[in-house]
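Peer 1: The sequence isn't on hand, but the structure is:
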């Protein structure tokens, strides 16, 4: 069922919040570069994520920035047709 559901419908506030809190390892309310690196394992990927999500330029991602990034990514993925 999930394979036939558009990504944007799966990107609920609850799901986004759960992923944010998983990535926010120290529970500071901000995802910091070292926390992204622990999950992504690649400095270039961390830089790309920060460049895409960090709207206020503080080199961290707050929950609002993360929500905007996830919704933007989900909308872009909606354009691809998935055939199970």
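Peer 2: Structure received. Just so it is clear, the structure is predicted and the values come from calculations on it, not from any experiment.

Peer 1: What strand or helix carries the residue most central in space within the chain?
Peer 2: The residue lying closest to the centre of the chain (Cα atoms, centre = their mean) is residue 70, at 4.6 Å. Applying DSSP states H and E as the criterion places residue 70 in helix 63-78.

Peer 1: Pull out the buried residues from that helix.
Peer 2: 65, 66, 67, 68, 69, 70, 74 (16 or more other Cβ atoms under 10 Å). C-beta here means a position set from N, CA and C on the backbone, and glycine is covered the same way.

Peer 1: For the fifth one, give its distance to residue 20.
Peer 2: The reference is to residue 69. 10 Å (Cβ to Cβ, to the nearest Å).

Peer 1: next one: the first one
Peer 2: Between residue 65 and residue 20 the distance is 10 Å, computed by Cβ to Cβ.

Peer 1: do the fourth one as well
Peer 2: Between residue 68 and residue 20 the distance, using Cβ to Cβ, works out to 12 Å.

Peer 1: Quick one: neighbours of residue 23, just the number.
Peer 2: For residue 23, the tally of surrounding residues (other Cβ atoms under 10 Å) stands at 17.

Peer 1: excluding its backbone neighbours, what's nearest it?
Peer 2: For residue 23, ignoring the flanking residues on the chain, the nearest one in space by Cβ to Cβ, 6 or more residues apart in numbering is residue 31 at 4.9 Å.

Peer 1: Surely that neighbour touches residue 67?
Peer 2: No. Taking contacts as Cβ atoms under 8 Å, residue 31 lies outside contact range of residue 67: 11.8 Å.

Peer 1: which neighbours do those two share?
Peer 2: Common neighbours of residue 31 and residue 67, counting by Cβ atoms under 8 Å, 6 or more residues apart in numbering, are residue 20.

Peer 1: what's the model's confidence in the helix or strand harbouring residue 51, averaged?
Peer 2: Following DSSP H and E, one finds residue 51 within helix 43-53. The average pLDDT within helix 43-53 is 96.
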